[in-house]
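K.L.:
Below are the sequence and a predicted model; questions follow.
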Amino acid sequence: MASHGSTVVANGVPELHPDIPHSVYADLDVNHTGLDVPADRLRRHLKIPDITTRSGLRKLHADFHKFNQRLDACYATALSVRDTTAAKLVCVIWTEMTADVLVREQLLRAGDI
């Protein structure tokens, strides 16, 4: 059984973030460094716009706090249930967001980076 960096409970099943569908973790091999695909699945699940598009960036700029609160809540819950994979995926999304100067400034002001 592949571990997802999460706490393994007594029955051998990893403890995962309660609000993230298991499909986000599909085909995730923790020995493989590519977290971009599951991070993109999590981004879509959290209804955060695609920041690789101009329209996605406009949406993110317009409602940054709403989207960042979703990431903050997901990260906090991931830490509380010891789902390190979900926490890493949120960090990947935040890292991708720093590519935009305006979003990076907002993340700095929010204390997320």
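P.N.:
In hand now; what should we look at?

K.L.:
What segments of this protein are helices?
P.N.:
Under the criterion DSSP state H, the chain contains helices at 36-45, 54-62, 64-80, 84-97, 101-110.

K.L.:
closest to Pro21 out of the ones you listed?
P.N.:
helix 36-45 (6.5 Å; Cβ to Cβ). Heads up, the C-betas are built off the backbone N, CA and C, glycines and all.

K.L.:
Next, the angle from that closest one to helix 54-62.
P.N.:
If you take axes from the mean of the first three to the mean of the last three Cα atoms, to 10 degrees, helix 36-45 sits at 60 degrees to helix 54-62.

K.L.:
Show me what helix 36-45 is packed against.
P.N.:
Judged by 3 or more Cβ pairs under 8 Å, 6 or more residues apart in numbering; DSSP states H and E, the packing partners of helix 36-45 are helix 84-97.

K.L.:
among the helices of the chain, which is the most enclosed?
P.N.:
Sort the helices of the chain by mean neighbour count, taking mean count of other Cβ atoms under 10 Å, and helix 84-97 sits at the top with a mean of 21.

K.L.:
before we move on, the earlier item: dump the helices of the chain into TSV; add mean pLDDT as well.
P.N.:
Output for the helices of the chain, formatted as TSV (pLDDT from 0 to 100):
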stretch	mean pLDDT
helix 36-45	89
helix 54-62	92
helix 64-80	92
helix 84-97	90
helix 101-110	87
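
K.L.:
can you redo those as TSV with distance to Pro18?
P.N.:
Shown next, in TSV, are the helices of the chain (distance: least, Cβ to Cβ, whole Å):
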stretch	distance to Pro18
helix 36-45	13
helix 54-62	26
helix 64-80	7
helix 84-97	10
helix 101-110	24
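
K.L.:
Minimum distance to Asp19: which of these has it?
P.N.:
Nearest of these to Asp19, taken as Cβ to Cβ: helix 64-80 at 6.5 Å.
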